[in-house]
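Participant: no sequence on this one, just coordinates:
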């Protein structure tokens, strides 16, 4: 009986490790996809953007594998307490990573259109914003795999910087459009790109909060700092 129990425990541990492997692979792909999307944007490389669009399907396929794996674990292992928290957290994080992949694909789609318009100055600010978010994705994946709530908290705090950059960029793009109506098409696409990047930062922060839940069994008790004021931005013709 002891040997049978040992086998069950070992088999369940292997299932948990497989969950981590799925999340690591999904996260790595999403990180790479987003990096390529930003690279395509800054280089105005529509071919690279098209590859990003095509490669998103691999993340979708991995999420389906996570769903199937967790359903099987819940049905066969009936995990409880800490083990159940691991399974639930992995399921949540897989969904968030899939959304990051979708937003990276959206950036790439906009890049295809942007590459056909004259360059505008704010593209450099978007690149900076993208670099910050890339760092957040990498750090939060490390936090998950290392079960490091402090590292996850660092990601939560960095989201405010992304929000502030988004607000600044939003204002800059509106000013460009007012000063030069010929830039409206490119700037409109960049507005959507900036919002997609800001949302990726939000999802990285949501992953960080799930890591906190995984480690401590509770959500963070402090309010997430926010710095996005784009919804309240008003630009006048004399700004």
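Facilitator: Yes, it's here. Predicted model only: the values in this text are computed from it and were never measured. Numbers count the residues shown, from 1 in each chain.
Participant: C-alpha only now, for contacts and for neighbours.
Facilitator: Will do.
Participant: next SSE after the host helix or strand of residue 97?
Facilitator: Element membership for residue 97, per DSSP states H and E: helix 81-114. Elements were assigned by DSSP H and E; along the chain past helix 81-114, the next helix or strand is helix 123-146.
Participant: please compute how far the following helix or strand past that next one lies from its chain's middle.
Facilitator: Downstream of helix 123-146, the first helix or strand assigned by DSSP H and E is helix 149-179. Centroid displacement of helix 149-179 relative to its chain, using C-alpha atoms, centre = their mean, to the nearest Å, is 14 Å.
Participant: other SSEs contacting helix 149-179?
Facilitator: When contacts are defined as 3 or more C-alpha pairs under 8 Å, 6 or more residues apart in numbering; DSSP states H and E, helix 149-179 sits against helix 123-146, helix 184-216.
Participant: residue contacts, residue 149?
Facilitator: Listed by C-alpha atoms under 8 Å, 6 or more residues apart in numbering, the contact set of residue 149 reads 143, 208, 211, 212, 215.
Participant: and the pLDDT at it?
Facilitator: We have a pLDDT of 96 for residue 149.
Participant: what of residue 6?
Facilitator: Predicted confidence (pLDDT) at residue 6: the value is 47.
Participant: ok, now residue 74?
Facilitator: On the pLDDT scale, residue 74 gets 85.
Participant: and it, how close does it get to residue 18?
Facilitator: Residue 74 sits at a distance of 14 Å from residue 18 (criterion: C-alpha to C-alpha, to the nearest Å).
Participant: would you convert the contacts of residue 149 into CSV that also reports neighbour count?
Facilitator: Putting the contacts of residue 149 into CSV (neighbours: other C-alpha atoms under 10 Å) gives the following:
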residue, neighbour count
143, 22
208, 31
211, 32
212, 24
215, 17
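Participant: for those residues, which one is nearest residue 81?
Facilitator: residue 215 (12.2 Å; C-alpha to C-alpha).
Participant: pretty sure that closest one sits against residue 147.
Facilitator: Yes. Counting by C-alpha atoms under 8 Å, residue 215 touches residue 147, with 6.2 Å between them.
Participant: follow-up on the earlier one: out of the contacts of residue 149, which comes closest to residue 156?
Facilitator: Residue 156 lies nearest to residue 208 out of the contacts of residue 149, by C-alpha to C-alpha, at 6.5 Å.
Participant: the closest one contacts residue 156, doesn't it?
Facilitator: Yes. Taking C-alpha under 8 Å as the contact criterion, residue 208 and residue 156 are neighbours in contact, 6.5 Å apart.
Participant: re earlier: now the helix holding residue 97: buried residues?
Facilitator: Along helix 81-114, the positions that meet the burial threshold by neighbour count (16 or more other C-alpha atoms under 10 Å) are 83-87, 89-91, 93-112, 114.
Participant: give me the distance from the longest helix seen in the chain to the chain's centre.
Facilitator: The residue-count maximum for a helix in the chain (DSSP state H) belongs to helix 2-43. Averaging C-alpha positions (C-alpha atoms, centre = their mean) puts helix 2-43 15 Å from its chain's average.
Participant: list the helices and strands that helix packs on?
Facilitator: When contacts are defined as 3+ C-alpha pairs under 8 Å, 6+ apart, helix 2-43 packs onto helix 46-76, helix 81-114, helix 123-146.
Participant: now tabulate the ones you listed in JSON lines and tack on distance to residue 175.
Facilitator: Compiled in JSON lines, the helices and strands packed on helix 2-43 are given as follows (distance: least, C-alpha to C-alpha, whole Å):
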{"stretch": "helix 46-76", "distance to residue 175": "26"}
{"stretch": "helix 81-114", "distance to residue 175": "18"}
{"stretch": "helix 123-146", "distance to residue 175": "14"}
